[in-house]
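Peer 1: Next comes the sequence, and after it the predicted model I'd like to discuss.
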Amino acid sequence: MQLAFILYKYFPYGGLQRDFLRIALECQQRGHAIRVYTPIWEGEVPAGFEVVVVPVKALFNHRRNEKLSAWVQADLAKRPVDRVIGFNKMPGLDVYYAADGCFEDKAQTLRNPLYRQWSRYKHFAAYERAVFAPESKTQILMISEVQQPLFVKHYATPAERFHLLPPGIAADRRAPTNASEIRAGFRAEFQLAEDDLLLVQIGSGFKTKGLDRSLKAVAALPAALKKRTRLMVIGQDDPRAFLLQVKALGIGEQVRILKGRSDIPRFLLGADLLIHPAYNENTGTVLLEALVAGLPVLVTDICGYAHYISEADAGCVLPSPFAQTQLSAQLAKLLDDPDQRAHWSRHGLAFAASADLYSMPQRAADVILGDGA
């Protein structure tokens, strides 16, 4: 079959983008042709992919989205395909990959009622309804079970259109047999002493991921512990506001902010703790990437995949409502307790060996192709 995938932006380090690529590659490996529509493509194009960089621009994102939809529909009319798969909500999809939570629920619970008078709200509400309305035929690939009841609440979407996927953790995130050698080499490269403690925070969208909370927690560490601690932050985002916060908190010696990169497994093996105090997170793939690497996790319960950390006994899940003092206290406690971290590391590795954390691309391809072909 000829398949068309649509997404608003592709870059190599985004969670949605990596999921898209692995699903598209799985479909290609099963013998199907891949066409991709996107206004922004950064990075290499996989062999055999037809990438159509759609020439649309607009001052506002929702206007750009509308232009994109119109352009793609016109092109599909000239060059039809067998399936249309979207990684953002939009009309005309056969299959939608639900990387984002329920927009309507956020609009009603987190926004001023006046917000619903704006054109931006009307656009995103209409595009979400096009996917989830009862009369829509779009099949929905869910990666967060906590979001499905919200979509049903607002749209009465039939249950049979939802397909809950297992996580799709890449095999290269699992701790290899020479993990200790990789760790030693990594720590030597970054000049980390034997008793230095390395925190990592990984993910694009620093504000949503709670980087400000992490910086405050590092600044609040007892002096002796703070001196031994380093925080490496990795992600595609503008760091300027957070660099100012680092300076204001006086932790310039402790913090490095790096751009997105492809060698994340080395950081997971070289670190002592992953910190992820997100404000909002549909899933949080990096939590499971840390778990399968044997890296303990400190995370807020708002993240969709946080329950795996609890089930595996592989870290600490902070309950809602969030309290900065609790995060700071837990961070200090965990950094000062190597036995607890070792316990969580062992449990994470054991869970990684027994749970299905890897088959998302295969299950998604089964739905897209309709018959598992």
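Peer 2: Here it is on my side, so go on.

Peer 1: Next, the buried residues of the helix or strand hosting residue 349.
Peer 2: Using DSSP states H and E, residue 349 falls within helix 338-354. Across helix 338-354, burial judged by 16 or more other CB atoms under 10 Å covers 341, 344-345, 347-349, 351-352. Heads up, the C-betas are built off the backbone N, CA and C, glycines and all.

Peer 1: now those in a markdown table, with distance to residue 96 and pLDDT?
Peer 2: Formatted as a markdown table, the buried residues of helix 338-354 follow (distance: CB to CB, whole Å; pLDDT from 0 to 100):
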| residue | distance to residue 96 | pLDDT |
| --- | --- | --- |
| 341 | 39 | 98 |
| 344 | 35 | 98 |
| 345 | 37 | 98 |
| 347 | 35 | 98 |
| 348 | 32 | 98 |
| 349 | 34 | 97 |
| 351 | 30 | 97 |
| 352 | 29 | 96 |
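
Peer 1: Pick out whichever of those residues sits closest to residue 307.
Peer 2: Taking CB to CB as the measure, residue 307 lies nearest residue 351 of the buried residues of helix 338-354, at 12.1 Å.

Peer 1: now residue 48, nearest residue through space, not along the chain?
Peer 2: residue 28 (6.1 Å; CB to CB, 6 or more residues apart in numbering).

Peer 1: so how many other residues sit close to that neighbour?
Peer 2: When neighbours are defined as other CB atoms under 10 Å, residue 28 has 17 of them.

Peer 1: any weak-confidence spans in this protein?
Peer 2: 371-373 (pLDDT under 70).

Peer 1: Thought residue 55 was touching residue 72, still the case?
Peer 2: No: using CB atoms under 8 Å, residue 72 makes no contact with residue 55, being 11.6 Å away.

Peer 1: who's more crowded, these two?
Peer 2: Between residue 72 and residue 55, counting by other CB under 10 Å, residue 72 is the more crowded of the two (21 against 9).

Peer 1: List the backbone torsions phi and psi for the more buried one.
Peer 2: Main-chain torsions, residue 72, degrees, to the nearest 10: phi -70, psi -40.

Peer 1: ok, now the one 4 residues further on?
Peer 2: Dihedral pair for residue 76: phi -70, psi -30, per degrees, to the nearest 10.

Peer 1: That one - nearest residue in space that isn't next to it in sequence?
Peer 2: Closest residue to residue 76 apart from its sequence neighbours, by CB to CB, 6+ apart: residue 4 at 6.6 Å.

Peer 1: Surely the one you found is in a strand?
Peer 2: Yes: under DSSP: H, G, I helix; E, B strand; the rest coil, residue 4 sits within a strand.

Peer 1: any idea of the angle whichever helix or strand comes after the helix holding residue 349 forms with strand 2-6?
Peer 2: Once helix 338-354 ends, the next helix or strand along the chain (criterion: DSSP H and E) is helix 360-369. If you take axes from the mean of the first three to the mean of the last three CA atoms, to 10 degrees, helix 360-369 sits at 120 degrees to strand 2-6.

Peer 1: name the helices or strands packed onto helix 360-369?
Peer 2: Judged by 3 or more CB pairs under 8 Å, 6 or more residues apart in numbering; DSSP states H and E, helix 360-369 is in contact with helix 15-29, strand 83-86, strand 95-98, strand 139-142.

Peer 1: Would you pull up how far that helix lies from the middle of the chain?
Peer 2: Put simply, helix 360-369 sits 19 Å off its chain's centre (CA atoms, centre = their mean, to the nearest Å).

Peer 1: likewise stretch 114-124?
Peer 2: With CA atoms, centre = their mean, you get 26 Å for stretch 114-124.

Peer 1: again with stretch 305-312
Peer 2: With CA atoms, centre = their mean, you get 16 Å for stretch 305-312.

Peer 1: So what touches it?
Peer 2: Residues from elsewhere that reach stretch 305-312, judged by CB atoms under 8 Å, 6 or more residues apart in numbering: 144, 167, 281, 283-285, 287-288, 291, 297, 299-300, 314-317, 347-348, 350-351, 355, 357.

Peer 1: which element is residue 298 on?
Peer 2: Applying DSSP H and E, one finds residue 298 within strand 297-300.

Peer 1: tell me which residues in the following helix or strand past that strand are buried?
Peer 2: Counting by DSSP H and E, the next helix or strand C-terminal to strand 297-300 is helix 306-312. Residues 306, 308-309, 312 are the ones in helix 306-312 that count as buried (16+ other CB under 10 Å).

Peer 1: Next: stretch 224-238.
Peer 2: Quick answer for stretch 224-238 (16+ other CB under 10 Å): 226, 228-237.
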